[in-house]
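>>> pasting the structure only:
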């Protein structure tokens, strides 16, 4: 998709703090994170949502999310990990490219139990993202 921001990240047209990459999956830090270490895991091939993605790509994304969850928990000392994925505008999907959020949770982080839309979140400090990326790669 020509106008998809995640497809542009995959192609390297938009910079990102990449955490993991293989031939099918890319993971990078969210620039509007809910918490320190918030990562997005996406298939490199464009699929709009869970209804569109094939089972092979979904499995690959899920396996990477599981591995990154453990690494983030250990390296960033998270107390827990939230996996979140939305399908369609009504469900809160903001980028129409399938993506799975891996959100580290910390005791007393003030996020409550159901963080959703990122539109109101401030953009992260890029130096902080760089430091986190260096720890996770």
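Received the coordinates, thanks. Quantities reported herein were computed from a predicted structural model and do not represent experimental measurements. Numbering: from 1, shown residues only.
>>> Report the beta-bridge partner residues of the residue sitting nearest the centre point of the chain.
Among the residues of the chain, residue 40 comes closest to the average C-alpha position under Cα atoms, centre = their mean, at 1.0 Å. The bridge-partner assignment for residue 40, based on DSSP bridges, gives residue 28, residue 101.
>>> Could you report the distance from it to residue 77?
21 Å (Cβ to Cβ, to the nearest Å). Using the backbone N, CA and C atoms, a C-beta is placed for each residue, glycine as well.
>>> quick one: the helices in this protein?
Secondary structure of the chain (DSSP state H): helices at 5-11, 55-75, 126-136.
>>> Show the average pLDDT along stretch 67-76.
Confidence over stretch 67-76 (mean pLDDT, whole number) is 97.
>>> The worst-scoring helix or strand of the chain on mean pLDDT packs against which elements?
Lowest on mean pLDDT, DSSP states H and E among the helices and strands of the chain sits helix 126-136, with a mean of 87. Helices and strands touching helix 126-136, by 3 or more Cβ pairs under 8 Å, 6 or more residues apart in numbering; DSSP states H and E, are strand 18-21, strand 25-29, helix 55-75.
>>> any idea which of the ones you listed is most buried?
Most buried of the helices and strands packed on helix 126-136, by mean neighbour count (mean count of other Cβ atoms under 10 Å): strand 25-29, with a mean of 22.
>>> Please identify the buried residues of stretch 127-134?
Across stretch 127-134, burial judged by 16 or more other Cβ atoms under 10 Å covers 129, 132, 133.
>>> excluding its backbone neighbours, what's nearest the last one?
Nearest residue to residue 133 in three dimensions, chain neighbours excluded: residue 17, at 4.0 Å (Cβ to Cβ, 6 or more residues apart in numbering).
>>> residue contacts, the one you found?
28, 29, 129, 130, 132, 133 (Cβ atoms under 8 Å, 6 or more residues apart in numbering).
>>> What of residue 100?
Applying Cβ under 8 Å, 6+ apart to residue 100 gives the contacts 40, 41, 42, 61, 62, 65, 83, 84, 85.
>>> got it, and residue 22?
The contact partners of residue 22, taken as Cβ under 8 Å, 6+ apart, are residue 64.
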